[in-house]
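Peer 1: Would you be able to build a 3D model of this:
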Amino acid sequence: MTAIAARISNHQLNVWRAELSNWKDASEFRSRVDNIVHSIPRRTFFQQAGLTFLRDAWIAGRVATALSTERVRLIPQERPDFETVRAGKVKQFEATEADINGRRRGDEPDDLSLVQDPVEKWRKRFEAIPAALERVIAKKLKKHYSADVGLVIYVNLGCYGAYLDEGLPILRDRTAPAKDKFRDVFAMWEGTLYKLWENGKFVTEQWHYAELDDF
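Peer 2: Have a look, this model is predicted:
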């Protein structure tokens, strides 16, 4: 029987969202988001509605530090999700997550390090990447964004670096439908932020963003 997740009050969620909607230094923002996320039980984080902004903030913090931006914040409006400042220039981003369809992360144990993860599961996650990217991009293409917005896709299908050579062409090809909709298209995978498309053209830039608690 699945345990009932402890609920976070709407007041607390509003306080966190308001705080993260104020400009912060990139490293300070990332640290604050991590502190908040680590304070929430896993079941609560993945079962309670209204916490998606914290996932967006987690992505924003890593993008901001990877790109060496000066400041970052969540955008208070519904879309897009966050914005950064570097050398006085503001850039806006939409964030999303690609995962196995139907995955119930709230039912998974709090300490995933105790769960056996055989190689065949790595391959299963890897083979799920194309369909996962197609699903999330199809949803984003149905919405209306400014041409100046970038798209960041967190590919939550890690394989411990086992399939990088196979995976990078998949990231490129399966994100191509978004290249004419968004200013830039990024993928976060295996601890690295990949910039795949810029103004409709394929590019190859990457930055390491991971820390020990990212895995």
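Peer 1: for this structure, where's the lowest mean pLDDT among helices and strands?
Peer 2: helix 42-47 (a mean of 88; mean pLDDT, DSSP states H and E).
Peer 1: contact partners of the very next helix or strand once past that helix?
Peer 2: Later in the chain than helix 42-47, the nearest helix or strand by DSSP states H and E is helix 52-66. In this structure, residues lying in contact with helix 52-66 by CB atoms under 8 Å, 6 or more residues apart in numbering are 13, 16-17, 20, 26-27, 29-31, 33-34, 36-37, 40, 45, 69, 71-74, 81-82, 84, 93, 95, 97, 152, 154, 186, 188, 193, 207-210, 214. (C-beta placed from N, C-alpha, C; glycine too.)
Peer 1: Just give me how far helix 52-66 sits from the chain centre.
Peer 2: Centroid separation for helix 52-66 versus its chain: 6 Å, with CA atoms, centre = their mean, to the nearest Å.
Peer 1: CA atoms of that helix as CSV?
Peer 2: Only the C-alpha atoms of helix 52-66 are listed here, as CSV (Å, rounded to 0.1, in the frame of the first residue of the first chain):
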residue,chain,number,x,y,z
THR,A,52,6.0,21.9,-11.2
PHE,A,53,7.5,25.4,-10.7
LEU,A,54,10.1,23.8,-8.5
ARG,A,55,11.1,21.4,-11.3
ASP,A,56,11.4,24.4,-13.6
ALA,A,57,13.5,26.2,-11.0
TRP,A,58,15.8,23.2,-10.6
ILE,A,59,16.3,23.3,-14.4
ALA,A,60,16.7,27.1,-14.4
GLY,A,61,19.4,26.9,-11.7
ARG,A,62,21.5,24.4,-13.7
VAL,A,63,21.1,26.2,-17.0
ALA,A,64,22.0,29.5,-15.4
THR,A,65,25.2,28.2,-13.8
ALA,A,66,26.2,26.2,-16.9
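Peer 1: Buried residues of whichever helix or strand comes after that helix, list them for me.
Peer 2: Later in the chain than helix 52-66, the nearest helix or strand by DSSP H and E is strand 71-74. For strand 71-74, the neighbour count (16 or more other CB atoms under 10 Å) marks 71-74 as buried.
Peer 1: One more: stretch 192-211?
Peer 2: 192-198, 207, 209.
Peer 1: Please enumerate the helices of this protein.
Peer 2: For the chain, the helices defined by DSSP state H occupy 10-20, 26-38, 42-47, 52-66, 119-127, 129-141, 164-175.
Peer 1: Now the ones you listed in a markdown table, please, with extra columns for distance to Lys181 and mean neighbour count.
Peer 2: Converted to a markdown table, these look like this (distance: least, CB to CB, whole Å; neighbours: other CB atoms under 10 Å):
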| stretch | distance to Lys181 | mean neighbour count |
| --- | --- | --- |
| helix 10-20 | 26 | 14 |
| helix 26-38 | 26 | 17 |
| helix 42-47 | 28 | 18 |
| helix 52-66 | 18 | 22 |
| helix 119-127 | 26 | 14 |
| helix 129-141 | 6 | 16 |
| helix 164-175 | 11 | 16 |
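Peer 1: rank those helices by mean pLDDT and give me the bottom one.
Peer 2: Among the helices of the chain, helix 42-47 has the lowest mean pLDDT, at a mean of 88.
Peer 1: Cheers, nothing more for now.
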